[in-house]
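Colleague: predicted model follows, preceded by the sequence.
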Amino acid sequence: MEFISRIDVTTLSNPGVESHQLLSPHNSDAESVTITRVKVQPGVTQPRHTHEGSEQIWCALAGSGSFLLEGDKARRFTAGDVVRIEKGEVHGLYNDGEECFEYVSVTTPPIDFGYAYKDRDK
């Protein structure tokens with residue numbers, strides 16, 4: 001069993017985006033999952049991207065936005081919604097709302113997301 005204290009949670013960030021690595025290679029020996037809480041400010045986009053070796057589940061906690069799909073496609077994504085993203089599927093998010101959009105992401109197998117962010121608090 002592992003207990004992760006909040007002081008052991010690494011925060012990665014880009015302008016307008018905070019990614020709190022709740023359970024990740026930074027603070028856990030977990031071999032099967034990464035859990036991240038992400039906050040996206042209004043008007044900010046997480047660009048379309050893929051994870052070739054991992055699938056993700058996103059659970060929207062607060063706010064609403066456009067879940068970005070392949071090409072120019074998008075779908076409304078709002079608090080209470082859940083989406084499962086298969087390995088290699090294009091996905092991203094644009095917060096077109098007026099409040100912070102928050103979601104939890106479960107990624108399996110784990111990914112070290114440091115490559116996608118400019119700043120790290122630890």
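Modeller: Here it is on my side, so go on. If you're wondering where the values come from, they're calculated on a predicted model, not measured in any experiment.

Colleague: the helix or strand of the chain with the lowest mean pLDDT pairs with which strands, and in what direction?
Modeller: Sorting the helices and strands of the chain by mean pLDDT, DSSP states H and E puts strand 119-120 at the bottom, at a mean of 80. Each strand that pairs with strand 119-120, with its direction, by DSSP bridges: strand 10-14 (antiparallel).

Colleague: what lies in contact with the partner strand?
Modeller: Contacting residues not belonging to strand 10-14 are listed as 18-21, 24, 26-27, 113-114, 116-122 [Cβ atoms under 8 Å, 6 or more residues apart in numbering]. (Each C-beta comes from the backbone N, C-alpha and C, glycine too.)

Colleague: one more time with 6 Å, if that's ok
Modeller: 18-21, 26, 117-122 (Cβ atoms under 6 Å, 6 or more residues apart in numbering).

Colleague: how about stretch 28-39?
Modeller: By Cβ under 6 Å, 6+ apart, stretch 28-39 touches 2, 18-24, 100, 102-108, 110-111.

Colleague: in PyMOL, select just the buried ones from these.
Modeller: Buried members of these, defined by 16 or more other Cβ atoms under 10 Å, are picked up in PyMOL with:
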select buried, resi 18+19+20+21+22+23+24+100+102+103+104+105+106+107+108+110+111
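
Colleague: so of the contacts of stretch 28-39, which ones are in strands?
Modeller: Taking DSSP state E, the ones among the contacts of stretch 28-39 that sit in strands are 18-23, 102-108.

Colleague: for the residues you listed, which one is nearest Leu68?
Modeller: Tyr103 (13.3 Å; Cβ to Cβ).

Colleague: ok, the contacts of strand 10-14 vs Phe77, which is closest?
Modeller: Nearest member of these to Phe77, counting by Cβ to Cβ, is Ser19, at 16.9 Å.
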